[in-house]
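**Student:** no FASTA, just this:
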């Protein structure tokens, strides 16, 4: 079943994103195994990133103490569908039913083959599956009409939101400027794919792209920012609540790179008492400067520098054991 993603496997170097120095594999795995929350980022359409996630989930769960609580939390599934994930983890439904009953195609839309092997590896390792994201109905209403338009019942579905984090807002504003402002962020994408112009940095959801209903006005940068925070806070809240209920547990969160970084989910986890929360970002070593850019403005704990065949000889590499 893992054939498709396994074919995207690449050798990699582990790099401390703060110092730029290589990290040996034992130290890396030890840090992951002693961190209560590990956020693994992705560009949603990049198969190499999905192989990286599969590899990290499989190897981390293998290294945890036998029988210890562990969970796989996912941006790709929304909270109202937690029961569907529970049914799948209990092997009472199959993958087709999981996709159908969770509204996967309409609510996420990326090829399930990117995620299925990692989900199955987690289930095989005894992990609980967590639907980590906010309901699309909430975020769509916020991006169209603002958070004040939510009813009391809808607001009660949201976790505590911190909307005045200067570091996170600076990251978001820089991203918006790089993308060309709110108008660029709300450009329609073909089909169900929700890739943003700079998928490595921003959230990928159709919620901020839907301006068609009733000639709705273009959402402001502030409205888009609130939705970004709702996503971050909801994922952090989901993971933190599970960890509070499982004091010896470990959670891995799969989410876009725009969520898995210092001022996003990681800081919001720490605010909720999860002191040992870290983030990992996959970067493909090539000639476009991606590695240098990630090291110049570090916002992650580790980079996994994935090496394409032409670059494999440049240094010591690691791979799946």
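**Tutor:** Received, thanks. This structure is a prediction, so every number in the text was calculated from the model and none was measured. Residues are numbered from 1 along each chain as shown.
**Student:** Now do residue 262, the pLDDT please.
**Tutor:** Reported pLDDT at residue 262 in the predicted model: 98.
**Student:** typo on my end, residue 202
**Tutor:** 50.
**Student:** Going forward, count from 278.
**Tutor:** Got it, the first residue is 278 from now on, which makes the last one we talked about residue 479.
**Student:** What segments of this protein are helices?
**Tutor:** In order along the chain, the chain carries the following helices (DSSP state H): 280-283, 302-310, 324-340, 359-366, 372-378, 381-384, 393-401, 413-422, 429-432, 443-456, 459-462, 498-522, 544-548, 567-573.
**Student:** Of all those helices, which one is nearest residue 292?
**Tutor:** Set against residue 292 and scored by C-beta to C-beta, these come closest in helix 567-573, at 7.6 Å. Every C-beta, even on glycine, is put in place using the N, C-alpha and C of the backbone.
**Student:** re the thing from before, just send the helices of the chain back as TSV, with mean neighbour count, mean pLDDT and distance to residue 559 too.
**Tutor:** Rendered in TSV, the data for these read as follows (neighbours: other C-beta atoms under 10 Å; pLDDT from 0 to 100; distance: least, C-beta to C-beta, whole Å):
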stretch	mean neighbour count	mean pLDDT	distance to residue 559
helix 280-283	14	84	13
helix 302-310	15	98	14
helix 324-340	21	98	5
helix 359-366	18	99	24
helix 372-378	15	99	24
helix 381-384	16	98	23
helix 393-401	20	98	13
helix 413-422	20	97	26
helix 429-432	10	98	35
helix 443-456	15	94	19
helix 459-462	16	48	23
helix 498-522	21	98	18
helix 544-548	21	98	20
helix 567-573	15	91	10
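**Student:** To residue 556, which of those lies closest?
**Tutor:** Taking C-beta to C-beta as the measure, these were each checked against residue 556, and helix 544-548 came out nearest at 9.8 Å.
**Student:** Who are the packing partners of the closest one?
**Tutor:** Identification of packing neighbours for helix 544-548 by 3 or more C-beta pairs under 8 Å, 6 or more residues apart in numbering; DSSP states H and E yields helix 498-522.
**Student:** just the angle between the helix it packs on and helix 413-422, please?
**Tutor:** Angle between the axes of helix 498-522 and helix 413-422 is 150 degrees (criterion: axes from the mean of the first three to the mean of the last three C-alpha atoms, to 10 degrees).
**Student:** which helices and strands does helix 498-522 pack with?
**Tutor:** Of the remaining helices and strands, those touching helix 498-522 by 3+ C-beta pairs under 8 Å, 6+ apart are strand 314-317, strand 347-355, strand 405-410, helix 413-422, helix 443-456, helix 459-462, strand 527-531, helix 544-548.
**Student:** Adjacent strands (with direction) for the first one?
**Tutor:** Each strand paired with strand 314-317, and its direction, by DSSP bridges: strand 527-531 (parallel), strand 554-562 (parallel).
**Student:** out of those strands, deepest packed?
**Tutor:** Neighbour counts (mean count of other C-beta atoms under 10 Å) averaged over each of these peak at strand 527-531, with a mean of 27.
**Student:** Which residues does it contact?
**Tutor:** Taking C-beta atoms under 8 Å, 6 or more residues apart in numbering as the criterion, the residues outside strand 527-531 that touch it are 310, 312-317, 319, 330, 333-334, 337-338, 341, 345-353, 392, 395, 399, 404, 407, 409, 512, 516, 519-520, 537, 542.
**Student:** For it, what is the distance to the chain centroid?
**Tutor:** Put simply, strand 527-531 sits 9 Å off its chain's centre (C-alpha atoms, centre = their mean, to the nearest Å).
**Student:** ditto for stretch 395-403
**Tutor:** In terms of C-alpha atoms, centre = their mean, the centre of stretch 395-403 is found 17 Å from the chain centre.
**Student:** Give me the contacts around that stretch.
**Tutor:** Around stretch 395-403, the neighbours that count as contacts under C-beta under 8 Å, 6+ apart are 278-279, 282, 327, 330-331, 334-335, 338-339, 344, 347, 349, 351, 365-366, 368, 406, 529, 531.
**Student:** will you turn the strands paired with strand 314-317 into a markdown table that also has mean pLDDT?
**Tutor:** Written out in a markdown table, the entries for the strands paired with strand 314-317 read as follows (pLDDT from 0 to 100):
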| stretch | mean pLDDT |
| --- | --- |
| strand 527-531 | 99 |
| strand 554-562 | 96 |
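**Student:** Let me have these in JSON lines, adding distance to residue 299 as columns.
**Tutor:** Formatted as JSON lines, these follow (distance: least, C-beta to C-beta, whole Å):
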{"stretch": "strand 527-531", "distance to residue 299": "23"}
{"stretch": "strand 554-562", "distance to residue 299": "13"}
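**Student:** ok, back up a step: in CSV: the helices of the chain, plus distance to residue 585.
**Tutor:** Shown next, in CSV, are these (distance: least, C-beta to C-beta, whole Å):
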stretch, distance to residue 585
helix 280-283, 17
helix 302-310, 20
helix 324-340, 9
helix 359-366, 34
helix 372-378, 30
helix 381-384, 30
helix 393-401, 21
helix 413-422, 35
helix 429-432, 46
helix 443-456, 25
helix 459-462, 29
helix 498-522, 30
helix 544-548, 32
helix 567-573, 12
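**Student:** Fine by me, we can end here.
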